[in-house]
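K.L.:
Provided below are the primary sequence and the corresponding predicted coordinates.
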Amino acid sequence: MNQRNIWYRWLFYGLAAELFLILQAVVLWRIRFWGIHPFLPPVLVAVAASWESRQEGLCAAAVFGLLCDLTMTPPIPCFYVLTFVTTAFLAGLVAKRWIQPGFICALAMSLVAIFINGATQALMLSFRGVYDPAAAVSILGRELLLTAPLIPFVYLLFRRIHRRFPAE
Amino acid sequence: MKGFFTKNGILLLSAVTIVAVVMCVVAALTSGTGFLHNAAGILVSPFRSLGATVSGWVQDVGGHFRSVEDLRRENAALRKENAELQEQNRRAQNDSEENQRLRNVLELRQQRQDFQLESARVTEQSMSNWASALTLSKGTSSGVAIGNCVIDEYGYLVGVITDAGLNWSTVTTVIDPESQLGAAVFRTREPAVVSGDLRLMSQGKLKLDYVQGDLINGDLIVTSGLGGYFPPDLVIGTVEDVLANESGMGKYAVLTAKTDPNSLSQVFIITGFDVVE
């Protein structure tokens, strides 16, 4: 294991994630179709976690989730930590057992990540008395449709970082 | 040829020297242009012209480079000046917008002298598609408390403070699915309840429930002020459509919010108001 490469790789993953977060906050947030905008943060976690080992993916998801919780007004405290760690756990599991890490795996896990995030949000709302499954499914569907075209860009940048700093 | 110059070189040199001396003497003695001088001038004239042309061309090229360099310098200076002017223009535009906002608030302060207003900047807008909230730059240290109403510069209701820290607070906007507050139809003073709706939030709309009397499109909906939790007569929105609810027994209205939370950069928190019983 090349320890230095691993540090560099996560450093660059962090910088790439920061870049996409800025893109989300400055550009994507303003691009609204059907009243909805693309939502990238779960995709960043899913793509990184599908490439990396489960421990590294979980740690990164927890740190990134904490960062999002501190900056993005979550519905409950630690909401993003919980959903991102779940996403990373599933991504690691799927990449290890069912789908070989690559574009298909990253795409599938990204869609699952958006679904987990949306479904948890809908669940939180229903606990608070806002129960409208049809509206929730509609928002979730639109969010998936709008975010899916951006997954290849995240995948390509993360793959480049992954290849540039091999672990072995 | 080599032999010719060896044998006659001295003679040739002498002849050239004599011709040159004669030409000098003739030139010195005559006031006009002498024949020899004229002939020499005719002979060298094309060469002079060529020299002048080449020299002029070189000067032109030099001048061209100098002027390009000058133009570059001038262009750089103009670009810098342009950037400075644009920056000044941007600042002036921001100042003008802020000035307009403050004028509106001043007018609002004069109209609603019972309000204690605290100005705040919007530091973050919720990036989630599932909620509509804003984070503000003022908190408990400025007297902001949970339950305070937040309005824009025109006095339209933005939302209610739902979380407050020392120097920050979160306002849940009126279109958020979790928001709910007492309202009244401005025209008839009929009470009703305004609430956010998951289906309508993405369109910037909200719902008016428990409507008793008649409603017409365009009716202004304001806060009722009942119970003294929120100040009365803050404009929430206008009626866009009146529909029957699922049971068919009652009706509800779809409202268009008067303010767009996504376009706000500065808001005003009502930290105190006179309760009217």
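P.N.:
Structure received. Numbers count the residues shown, from 1 in each chain, chains lettered A, B, ... in the order given.

K.L.:
the helices in the stretch 1-150 of chain B, which residues?
P.N.:
Under the criterion DSSP state H, counting those that start in this stretch, helices of the stretch 1-150 of chain B are mapped to B:2-29, B:35-111.

K.L.:
Equivalent analysis for the stretch 151-277 of chain B, please.
P.N.:
For the stretch 151-277 of chain B, the helices defined by DSSP H, counting those that start in this stretch occupy B:198-201.

K.L.:
and the residue of chain B found nearest chain A, what is it in contact with?
P.N.:
Using CB to the nearest CB, the single residue of chain B nearest to chain A is B:Ser202, 2.7 Å away. For glycine as for every other residue, the C-beta is placed from the backbone atoms N, C-alpha and C. Shown in contact with B:Ser202 (CB atoms under 8 Å, 6 or more residues apart in numbering or on different chains): A:Arg32, A:Trp34, A:Gly35, A:Ile36, A:Ile139, B:Asn129.

K.L.:
just flag whichever of the helices of the stretch 1-150 of chain B has the lowest average confidence.
P.N.:
Per-segment mean pLDDT for the helices of the stretch 1-150 of chain B reaches its minimum on helix B:2-29, at a mean of 67.

K.L.:
Helices of chain A, start to end?
P.N.:
A:3-26, A:41-51, A:54-71, A:79-97, A:103-127, A:133-147, A:151-164 (DSSP state H).

K.L.:
quick one: which of these is nearest B:Val171?
P.N.:
helix A:54-71 (16.7 Å; CB to CB).

K.L.:
Mind checking the pLDDT average for that closest one?
P.N.:
What helix A:54-71 shows for mean pLDDT is 86.

K.L.:
Counting by contacts, list what it packs against.
P.N.:
On a contact count with 3 or more CB pairs under 8 Å, 6 or more residues apart in numbering or on different chains; DSSP states H and E, helix A:54-71 meets helix A:3-26, helix A:41-51, helix A:79-97.

K.L.:
so which of the ones you listed is the most packed in?
P.N.:
helix A:41-51 (a mean of 29; mean count of other CB atoms under 10 Å in any protein chain shown).

K.L.:
name the helices or strands packed onto that helix?
P.N.:
Looks like helix A:41-51 contacts helix A:3-26, helix A:54-71, helix A:79-97, helix A:103-127, helix A:151-164 (3+ CB pairs under 8 Å, 6+ apart).

K.L.:
what angle separates it from helix A:3-26?
P.N.:
For helix A:41-51 against helix A:3-26, the angle by axes from the mean of the first three to the mean of the last three CA atoms, to 10 degrees is 160 degrees.

K.L.:
remind me which residues of chain A are low pLDDT?
P.N.:
For chain A, applying pLDDT under 70 flags the ranges A:1, A:167-168.

K.L.:
separation between the most centrally placed residue in it and chain B?
P.N.:
Closest to where the C-alpha atoms of chain A average out (CA atoms, centre = their mean) is A:Pro42, at 2.0 Å. Applying CB to the nearest CB, to the nearest Å, the value for A:Pro42 to chain B is 11 Å.

K.L.:
In contact with that residue, which residues?
P.N.:
With the criterion set at CB under 8 Å, 6+ apart, A:Pro42 makes contact with A:Thr83, A:Phe84, A:Thr87, A:Ser110, A:Ala113, A:Ile114, A:Ile116, A:Asn117.

K.L.:
okay, now the closest residue to it other than its chain neighbours: neighbour count?
P.N.:
The shortest distance from A:Pro42 to any non-neighbouring residue, by CB to CB, 6 or more residues apart in numbering or on different chains, is to A:Ala113 (3.6 Å). A:Ala113: 30 surrounding residues under other CB atoms under 10 Å in any protein chain shown.

K.L.:
measure A:Ala113 to chain B for me?
P.N.:
Distance from A:Ala113 to chain B, by CB to the nearest CB: 14 Å.

K.L.:
Distance of that residue relative to B:Ala15?
P.N.:
With the distance defined as CB to CB, to the nearest Å, A:Ala113 ends up 105 Å from B:Ala15.

K.L.:
Equivalent analysis for B:Leu50, please.
P.N.:
28 Å.

K.L.:
and what of A:Arg163?
P.N.:
Taking CB to CB, one finds A:Arg163 at 88 Å from B:Ala15.

K.L.:
Relative to B:Gly228, how far out is B:Ser131?
P.N.:
Let me fix one detail, which is that residue B:131 is Ala and not Ser. To B:Gly228, B:Ala131 is 27 Å away according to CB to CB.

K.L.:
wait, what's in contact with B:Pro231?
P.N.:
B:Pro231 neighbours (CB under 8 Å, 6+ apart): B:Arg112, B:Asp114, B:Phe115, B:Cys149, B:Thr223, B:Gly225, B:Ile270, B:Phe273.

K.L.:
related to what we said a few turns ago, and the furthest pair within the contacts of A:Pro42?
P.N.:
So, the contacts of A:Pro42 by CB to CB: farthest apart are A:Thr83 and A:Ser110, at 13.3 Å.

K.L.:
Which ones, among the contacts of B:Pro231, also lie beside chain A?
P.N.:
Among those, proximity to chain A is found for none (CB under 8 Å from any CB of the partner chain).

K.L.:
Among these, which lie within strands?
P.N.:
If you go by DSSP state E, those have B:Cys149, B:Thr223, B:Ile270 in strands.

K.L.:
Just the buried subset of these, please.
P.N.:
B:Cys149, B:Thr223, B:Ile270 (16 or more other CB atoms under 10 Å in any protein chain shown).

K.L.:
Quick one: those as CSV, columns for pLDDT too.
P.N.:
Shown next, in CSV, are these (pLDDT from 0 to 100):
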residue, pLDDT
B:Cys149, 92
B:Thr223, 90
B:Ile270, 91
